[in-house]
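1. could you look at this predicted model? Sequence included:
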Amino acid sequence: MAKLTKDQWNEILSKVKSGEKVTDLAQIYGISPKSIYNKAGTISETDNSLLEINRLKREVKNLREVLGYVTAELSREKKLV
């Protein structure tokens, strides 16, 4: 596993706060997602809230995509009947 500098950790945490996926960042930096979550756990409660908000935003985006797909499928089925 890679040994990261303080600047690299700051960069990673900044990217996580801006909404980038922890799994993607872990792969890029050659570390485990758990390492990032552990490091994020040492930051302030406000910053942890931002991590949760960004995770929820991604989840809402994914759910909207699924809902759009299902809606389109149902609409197409109605046209066939």
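-> Alright, I've got the coordinates.
2. contacts and neighbour counts: CA atoms only from here.
-> OK.
3. by contact count, what packs against the helix ranked longest in the chain?
-> Longest helix of the chain, by residue count under DSSP state H: helix 45-80. With contacts taken as 3 or more C-alpha pairs under 8 Å, 6 or more residues apart in numbering; DSSP states H and E, helix 45-80 sits against helix 6-17.
4. can you list contacts of the helix it packs on?
-> 22, 25, 36, 40, 47, 50, 51, 54 (C-alpha atoms under 8 Å, 6 or more residues apart in numbering).
5. sort out which of those are buried, if you could.
-> Neighbour counting by 16 or more other C-alpha atoms under 10 Å classes 22, 25, 36, 40, 47, 51, 54 among those as buried.
6. could I get those in JSON lines, plus columns for distance to residue 6 and pLDDT?
-> Below are these laid out as JSON lines (distance: C-alpha to C-alpha, whole Å; pLDDT from 0 to 100):
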{"residue": "22", "distance to residue 6": "17", "pLDDT": "90"}
{"residue": "25", "distance to residue 6": "16", "pLDDT": "95"}
{"residue": "36", "distance to residue 6": "13", "pLDDT": "90"}
{"residue": "40", "distance to residue 6": "13", "pLDDT": "81"}
{"residue": "47", "distance to residue 6": "17", "pLDDT": "65"}
{"residue": "51", "distance to residue 6": "19", "pLDDT": "75"}
{"residue": "54", "distance to residue 6": "23", "pLDDT": "80"}
